[in-house]
Structure formats: C-alpha cells, structure tokens
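Participant: the following comprises the amino acid sequence and a computationally predicted model.
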Amino acid sequence: MSAPPMAAAAPPPPPRLTGDWNDWPFTPGIWTYRRDGRGSVAQFGAPGRNATINFRCDAQNRRVTLSHEASAPGARMVIRTSSMTKTMAATTRDANPAHLAADIATTDPILDAMAFSRGRVLVEMEGQQPVILPTWAEIARIVEDCR
C-alpha cells in the first residue's frame, strides 16, 4: 500500500520587519514602463507574475494612481520617502487580482518626493506586507508624463 499524498505545506509568513525601514530589504522585483491609450504605466513586481505595484499616469485627467495588489478591502495607504510621509485613502479597484488604489494630484509634493527619494520608497497598506521599492527612473517618468 502506498502512503496517502501529503498536502503541500503553506509557505511561512514573511518575517515581521522591525527597526528603520531604510534598512529593510527591497521587495523582490523589477520596474517596467510602457505607454498605452490612457497615458503610461510603470509596474513593479517579480518577472512572470502579476505586478505588486502599478503607478499609472492618466494623462487626460492629469492624475497619478498608485495601486497595490491586495486581498483586504479599502484601507489607508502610507507612502514613505527619504523626505516625507503621506497617508491617503485607498479604494478597491476592479482588477484581477484586486488592487487598492489612491489617486494623487500631479501637483502633490509626494510625487517629487518619490521620484527623488534616496534609493527607496516604502508603500504600506493595513493588513499587507510592506513593499520596499527601489527608486528607478520609472517613477520619475510617470510623474513627468502627467505634468
């Protein structure tokens, strides 16, 4: 007789990050950039998987939308840079997988703070693992596309 098949063990939860967020490891992934009919979008995530972060310029409405893949309902989004921190309301957007998104006016100083942050930007959502983004040129490209 053969043994019954064993169920795959769920991966352990990621370790809780403590201390200064500037010392936390970057979230694994890369930035990509493309233009489309609505403007432009930069996406961050692991190659071959859905993007964890979408950073979109809606050129017609002159606004930037930052969305984070999430399984929880609407919450607040916190963006931390080397020069400032901003908390915004995030709402659920129709997508598969679901994303929580915050709209940012093109005049909001958080956009420049993200583009010129010293090496990293942190995006936090209640109930989600923080995302530590490298400050590659894609962030600045989206900001400039919308202005």
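Facilitator: It's in.
Participant: and the strands in this structure, which stretches?
Facilitator: Counting by DSSP state E, one finds strands in the chain at the ranges 30-36, 39-45, 53-58, 63-69, 75-80, 85-93, 99-105, 120-125, 131-134.
Participant: angle of the fourth one against strand 120-125?
Facilitator: For strand 63-69 against strand 120-125, the angle by axes from the mean of the first three to the mean of the last three C-alpha atoms, to 10 degrees is 70 degrees.
Participant: name the nearest residue to the residue nearest the centre of the chain, ignoring sequence neighbours.
Facilitator: Centroid-nearest residue in the chain, with C-alpha atoms, centre = their mean: Ile53, separated by 3.1 Å. Computed as C-beta to C-beta, 6 or more residues apart in numbering, the closest residue to Ile53 that is not its neighbour in sequence is Phe44, at 4.2 Å. For every residue, glycine as well, the C-beta is placed using N, CA and C.
Participant: picking up where we left off before, mean pLDDT and distance to Asp112 added to the strands of the chain, as TSV?
Facilitator: Listed next are these as TSV, based on pLDDT from 0 to 100; distance: least, C-beta to C-beta, whole Å:
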stretch	mean pLDDT	distance to Asp112
strand 30-36	95	18
strand 39-45	96	16
strand 53-58	95	14
strand 63-69	92	11
strand 75-80	91	12
strand 85-93	90	12
strand 99-105	91	11
strand 120-125	94	12
strand 131-134	96	16
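Participant: tabulate these in TSV, adding columns for distance to Ile142.
Facilitator: Converted to TSV, these look like this (distance: least, C-beta to C-beta, whole Å):
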stretch	distance to Ile142
strand 30-36	8
strand 39-45	5
strand 53-58	5
strand 63-69	6
strand 75-80	14
strand 85-93	16
strand 99-105	10
strand 120-125	12
strand 131-134	12
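Participant: out of those, which is closest to Trp21?
Facilitator: Closest approach to Trp21 among the strands of the chain (C-beta to C-beta): strand 120-125, 5.1 Å.
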